[in-house]
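>>> Structure of the sequence below:
(chains A and B)
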Amino acid sequence: MGPFMTDHQLLPLRVAITGGTSGLGRALVGELLERGARVAFVARHRPDVERAMLDFPAAHGIVGDVSRKEDVHPIAIQILGVLGGLDVLVNNASSLGPVPLVPLADTACEDLEIALQTNVVGPFRLTKALLGALASAARGGGRPVVINVSSDAAVTPYENWGAYGASKAALLHLSRIWDAEMREEGVRVVSVDPGDMDTPLHALAVPDADRSGLKSPHVAAREIAAVISQTSAAHDEQALAEVTR
Amino acid sequence: MKTATVRARGNETKLLVIDERGQLSHRLRADLPSLVRPGDLVVANDAATLPASLQGTHARSGEPVEVRLAGHSSFGFRVRRFTALVFGSGDYRTPTERRPQPPALSEGDELRLGSLRATVAQLHSHPRLVDLRFEQPLEQVWEGLARHGRPIQYAYVLDPLPIWDTWTSIASRPVAFEAPSAGFLLDWAMLRAFRSCGVHFATLTHAAGISSTGDDELDRLLPFDESFLIPAETAALVHRTKQDKGRIIAVGTTVVRALEAAGDDSARVRPGPGLATGRIDAGSSLRIVDALVSGIHEPGTSHYQLLRAFQSDERLEEMTRDADAKDYRLHEFGDAVFIENDRQGRASGRYASSFIVRINAIQRAFDLARASSG
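Below you'll find the model as predicted:
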């Protein structure tokens, strides 16, 4: 696939990815850089961000926690500052809630709150802070998109996945409503379920999983890159519907 | 008039309208879509606000300083070199006019501002006004500004302003030093309302500078030169609107400055980066903008001066009296005016009138200072 360019001015796409130092987020940073995008990534811990920047010197690492209200605007300022604007936001950072997983009845309220802060309120705040920039890109002829990383747990009520599943269900619904409302501004909001991947998050949830049966995050990253190019290139509704949920 | 001390929200914001015939009426923010007509173009400033106040120390003397970034000292939005005001100890809780001067600064002096290291690159004619250069890599400059900076604010807002209260709904690139506050009147529902009545919407990015320095001599230099960027799509929409006899409605004085700086006599706007210099006042003839939506500021401010390009002093004095009587709230979080260009070519050189306005402003500033110290 050719370099990732906005079709209106042949400029590289400007992409921000949260949770960018491990699992799917890290694979996406590499994949999108390879396709010619300009990438900023966000993660909580400075040593992780610094390590990732050694591996991806072309990317811009930002230290911040999307679940903390006070961090959201500093994160947005750095994203918009280093990239000069934004075409694609990937809300990828996720929290499982209580680890090891427990039934809802045994879930501490605080653990539910953490899952909601990280998986719903954080992406809501960051998207809201960056919506002006995304709408600005749309007025300039671009096709900006927000990708919210979802899960089949957003749809299926798996036992022991209560905090995570409820928060991902809320994120899925948020994505749908936002997409309906922002479409006329030229901003798309889509939800993508990457499937069960061989990532640190999955290892936390299912420590004894047979990893050979899990999807590589690199494969999922390529699929998300395809969603981005379909959304931000031609607005082919059907093609988009096939790859997103 | 009282100053708004917290950000007003919702539709109860008052809107004082002066139409092209000079008629005054009192409306609400929610009425804005009914004041624009199909075929009009609403243009807003989508600059996000930098947290441009930085506390730190002057390395050579060890004295505390507060730096307020006030403008980009080069063309464009680069973050390596800024024009800045430097204050001595204290913060926004002390009215700016009572802030101590900074320690004596020399070119080459280092200021330590959180994780940021700034060098005094150039002195100007006033002890508070300098050019600063950040020496670190670009990412570190952005991180330092984002994490250490606080929004510039004034003593009339009592609590520390969170960054999110300084961003408009449409905020995009963080290049403004104070909020382009007329943009607080807009929200996504209003953009939808514009669209549904056939009104077009466009943006430009204008690095709104600081509104007050706390020093009369420096205040006379305001607004400082301001960088802006007009997207090609916005320039094209302005041209099309003018051709089709629609009106250009500016949201905020920064939009007037940018469009008029980039406009020519055939009512075309040059797309791309530009620099707005000088004041717009009674002597300026507006080539692009037909109406302005804006906050309310006292006579004597550069903001008020700009209104004199739209309407006569008699109308503006009537507006001030009316707003006073009806308890309109001043400043960036207050109420608003919608002011149409009366198209009466006003000659420049209304010295006597502007002198009186200036006296009024000094009186008001004095009253305000007395009120805030009491």
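
>>> Assess the claim that B:Leu222 and B:Gly209 are in contact.
Yes: assessed by CB atoms under 8 Å, B:Leu222 is found in contact with B:Gly209 at 7.4 Å. Every residue, glycine included, has its C-beta placed from N, CA and C.

>>> Between the two, which is the more surrounded one?
Neighbour totals were compared for B:Leu222 and B:Gly209, and B:Gly209 leads with 23 against 17 (other CB atoms under 10 Å in any protein chain shown).

>>> Against A:Met5, how distant is the more buried one?
34 Å (CB to CB, to the nearest Å).

>>> And for B:Leu307?
From B:Leu307 over to A:Met5 (counting by CB to CB), the distance is 44 Å.

>>> Any residue of stretch B:66-85 touching chain A?
Yes: Stretch B:66-85 lies within reach of chain A by CB under 8 Å from any CB of the partner chain, at B:Phe77, B:Val79.

>>> got it, and stretch B:207-217?
No: applying CB under 8 Å from any CB, one finds stretch B:207-217 separated from chain A by no less than 12.9 Å.

>>> Run through who's touching that stretch.
For stretch B:207-217, contacts defined as CB atoms under 8 Å, 6 or more residues apart in numbering or on different chains pick out B:45, B:47, B:52, B:68, B:70-72, B:77, B:85, B:87, B:95-99, B:126, B:128-129, B:152, B:154, B:175-180, B:219, B:222-224, B:226-228, B:252, B:254, B:301-303, B:332.

>>> Mark which of the residues you listed are buried, thanks.
By neighbour count, with 16 or more other CB atoms under 10 Å in any protein chain shown, those hold B:45, B:47, B:52, B:68, B:70-72, B:77, B:85, B:87, B:95-97, B:99, B:128-129, B:152, B:154, B:175-180, B:219, B:222-224, B:226-228, B:252, B:254, B:301-303, B:332 as buried.

>>> Among those residues, name the ones in helices.
Among those, DSSP state H puts B:Asp219, B:Thr254, B:Ser302, B:His303 in helices.

>>> if you count what's nearby, which of B:Leu307 and A:Met5 comes out ahead?
B:Leu307 (27 against 17).

>>> Tell me the spacing between that one and chain A.
Going from B:Leu307 to chain A by CB to the nearest CB, to the nearest Å gives 27 Å.

>>> per-residue pLDDT, A:His235?
With respect to pLDDT, A:His235 has a value of 45.

>>> Only the buried residues of the biggest helix by length in chain A, if you could.
Identified as the longest helix of chain A according to DSSP H is helix A:162-182. By neighbour count on 16+ other CB under 10 Å, the buried set for helix A:162-182 is A:162-172, A:174-175, A:178-179, A:182.

>>> can you check stretch B:21-29 too?
So, applying 16+ other CB under 10 Å, buried residues of stretch B:21-29: B:Leu24, B:Arg29.

>>> what's in contact with it?
Stretch B:21-29 is contacted from outside by B:10-19, B:35, B:185, B:311-312, B:315, B:318-319, B:322, B:326, B:336, B:338, B:342, using CB under 8 Å, 6+ apart.

>>> among those, which are within reach of chain A?
Okay, of the contacts of stretch B:21-29, nothing touches chain A (CB under 8 Å from any CB).

>>> Not counting sequence-adjacent ones, nearest residue to residue 204?
Since you didn't name a chain, this refers to chain A. A:Val99 (5.1 Å; CB to CB, 6 or more residues apart in numbering or on different chains).

>>> please go with chain B instead
B:Ile230 (4.7 Å).

>>> quick one: contacts for the one you found?
Per CB under 8 Å, 6+ apart, neighbours of B:Ile230: B:Leu204, B:Ala258, B:Leu259, B:Ala262, B:Val269, B:Arg270, B:Pro271, B:Gly272, B:Gly274.

>>> Check those residues against B:Trp167 and report the nearest one.
B:Leu204 (16.9 Å; CB to CB).

>>> Doesn't that closest one belong to a helix?
No: assigned with DSSP: H, G, I helix; E, B strand; the rest coil, B:Leu204 falls outside any helix and is strand.

>>> how near is it to B:Glu143?
Following CB to CB, the distance that separates B:Leu204 from B:Glu143 is 27 Å.

>>> Quick check: B:Ser211 vs B:Ala325, distance?
On the measure of CB to CB, B:Ser211 and B:Ala325 end up 25 Å apart.
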